[in-house]
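In: compute the structure for the input listed below.
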Amino acid sequence: MLITAVFWIFATILVVSAALVVSARNPVHSVLFLILCFFNAAGLFLLAGAEFLALILVVVYVGAVAVLFLFVVMMLDVNFTQLREGVQRYAPVGATIGVVLLAELLMTFGGVRVAPSLATLHVAPIAAQTSNTEALGLVLYTHYVLAFQLSGLVLLVAMIGAIVLTLRDKPRARRQSIARQTTREVGDTLLMVDVRPGQTMAELGIFRPLTTLPQAPALDLIGPTPPVSADDATGRGDAA
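Out: Sure thing, here's the model as predicted:
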């Protein structure tokens, strides 16, 4: 009875949080509801006896993927006003696609029939004393090893595609030369200088200006100095 009640609590929170992930207007709130979904799904895995999957869901998806989504969404600073400008224009297309997907799901689940002996069927029989983690590894790397390798290949192609799409060639960017770094000597990177008291770095030639800008001519704000006559000079001398 207690396990059934806990199951319905986890399942209800999972469904509600999943709906809030889609319906939330703020992407940050959507990611937070997604983290809540992962925690409740991990609780359901624990109830089903799959503790390894529950721990992987919390450690990998909550601790890495969801937190990464959260930081990326917060750093992008998305302009929500600009995103909502084309909602009315593309609403009919989105509604049509949603109706088609809903019809496909109803047709799929409507034609499923559960066999009465489903609980006793075992695709890959495992010994009773085998732990959950060991049983998952035996099934994954024996019966489904091809599917596992193909999924890794798909993820690799997706990662390469993301790098290619986001890579921008910057001619002025500094490039790293691994061969030059590994073959360099001490004299190429370290300079011993004997600095005398009062000597500046400019005198040592350590810091050199990138460019020498031409000096602008001085502005004469006072104007030309009038010539002084001999009488004025004599009078000034007498006054002194």
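
In: thought E51 was touching A42?
Out: No. With the criterion set as CB atoms under 8 Å, E51 and A42 do not qualify as a contacting pair; they are 9.4 Å apart. Yep, even glycine has a C-beta here, placed from its N, CA and C like the rest.

In: neighbour count: these two, which is higher?
Out: For E51 versus A42, neighbours defined as other CB atoms under 10 Å are more numerous around A42 (21 against 14).

In: how far away from the center of its chain is the longest helix seen in the chain?
Out: Longest helix in the chain, counting residues (DSSP state H): helix 87-110. Centroid separation between helix 87-110 and its chain, computed with CA atoms, centre = their mean, to the nearest Å, is 30 Å.

In: could you export it as CSV, CA atoms only?
Out: Included here for helix 87-110 are C-alpha records, laid out as CSV according to Å, rounded to 0.1, in the frame of the first residue of the first chain:
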residue,chain,number,x,y,z
VAL,A,87,4.0,33.0,-32.7
GLN,A,88,0.7,34.1,-34.3
ARG,A,89,2.1,33.5,-37.8
TYR,A,90,3.3,30.0,-37.1
ALA,A,91,0.6,28.9,-34.7
PRO,A,92,-1.5,27.1,-37.4
VAL,A,93,1.5,25.1,-38.5
GLY,A,94,2.4,24.1,-35.0
ALA,A,95,-1.2,23.2,-34.2
THR,A,96,-1.4,21.0,-37.3
ILE,A,97,1.9,19.2,-36.4
GLY,A,98,0.6,18.7,-32.8
VAL,A,99,-2.6,17.2,-34.0
VAL,A,100,-0.8,14.8,-36.3
LEU,A,101,1.6,13.7,-33.5
LEU,A,102,-1.4,13.2,-31.1
ALA,A,103,-3.2,11.1,-33.7
GLU,A,104,-0.1,8.9,-34.2
LEU,A,105,0.3,8.4,-30.4
LEU,A,106,-3.4,7.4,-30.0
MET,A,107,-3.1,5.0,-32.9
THR,A,108,0.0,3.5,-31.5
PHE,A,109,-1.2,3.0,-28.0
GLY,A,110,-4.7,2.0,-29.1
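
In: okay, now the closest residue to S30 other than its chain neighbours: neighbour count?
Out: Taking CB to CB, 6 or more residues apart in numbering, and ignoring the residues beside it in sequence, S30 has A24 as its nearest neighbour in space, at 4.5 Å. By the criterion of other CB under 10 Å, A24 has 16 neighbours.

In: now A24: how far from V62?
Out: As judged by CB to CB, to the nearest Å, A24 and V62 stand 18 Å apart.

In: could you give the mean pLDDT of the next helix or strand after the longest helix of the chain?
Out: On the C-terminal side of helix 87-110, the closest following helix or strand by DSSP states H and E is helix 132-140. For helix 132-140, mean pLDDT rounds to 81.
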